[in-house]
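Structure, please.
(one chain, ligands or ions: 1)
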Amino acid sequence: MKVCRRETFNSAHRLFNPDWSDEKNFEVFGKCSNPNFHGHNYVLETWVEGDIDSETGYVIDLKYLKDIIRNEICERFDHRNLNLDCVEFHSLKPSAENIALVIWNILRTHLDNRYKLSVRLWETENNSVEYSGH
Ligand code: NI
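Modelled structure (predicted):
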C-alpha cells in the first residue's frame, strides 16, 4: 500500500556548467542558464509504501510525514536560491533530478527502514522526475 503527501516550495536556481562558454551553456540549458537565476514553484510528492498497521489503520501517519517534509525540506529550500544559499548544491547542479536525489536522501534518514520511499518532484506543470533510491 502506498500513501502520498504533497507539499510545495518556491526556489530559484541556475543551471550552468562553469567549464563551458556562455554560448555552450545557453545551447544546452537554454533559459535555465540565465545568469540572474529564475524561480520554480516546485511540487513535491512524497510516496511511502508499507503495510497497513492493524492498530491505526495507517501505513504512516500523514501528519508525521507532513511535519518531516516541512521541517527538513521546505524550511531548507523554500524562498532560497539553491545555487547560492544551499550547501547541498554548491558542487551539485540543482536540476530537478539532483534536487529529488537530495530530498530523497534527507527524507530517508527520517523514515523507518520498514518503509519504501519514493519522491516525485514537479518542476513545471509538465515536467517531473521520480527517485526511489536507484
Ligand atoms: Ni529552471
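
Now for the chain, the helix or strand with the poorest mean pLDDT.
helix 22-29 (a mean of 93; mean pLDDT, DSSP states H and E).

State the mean pLDDT of the helix or strand following that helix.
The first helix or strand that comes after helix 22-29 along the chain, using DSSP states H and E, is strand 38-49. Across strand 38-49, the average pLDDT comes to 98.

After strand 38-49, which helix or strand is next? Please name it.
Taking DSSP H and E, what comes next after strand 38-49 is helix 62-69.

Sketch out the low-pLDDT regions of the protein for me.
Of all residues in the chain, none has pLDDT under 70.

Can you tell me which residue sits nearest the middle of it?
A100 (3.7 Å; CA atoms, centre = their mean).

before we move on, the earlier item: and the least confident helix or strand of the chain, how far out from the chain's middle?
24 Å (CA atoms, centre = their mean, to the nearest Å).

ditto for stretch 114-124
Distance of stretch 114-124 from the chain centroid (CA atoms, centre = their mean) equals 8 Å.

So which bits of that stretch are buried?
For stretch 114-124, a neighbour-count test (16 or more other CB atoms under 10 Å) marks 115, 117-123 as buried. Glycine gets a C-beta too; all of them are placed from N, C-alpha and C.

Against C4, how distant is S91?
31 Å (CB to CB, to the nearest Å).

same question, E45
From E45 to C4 the distance is 5 Å (CB to CB).
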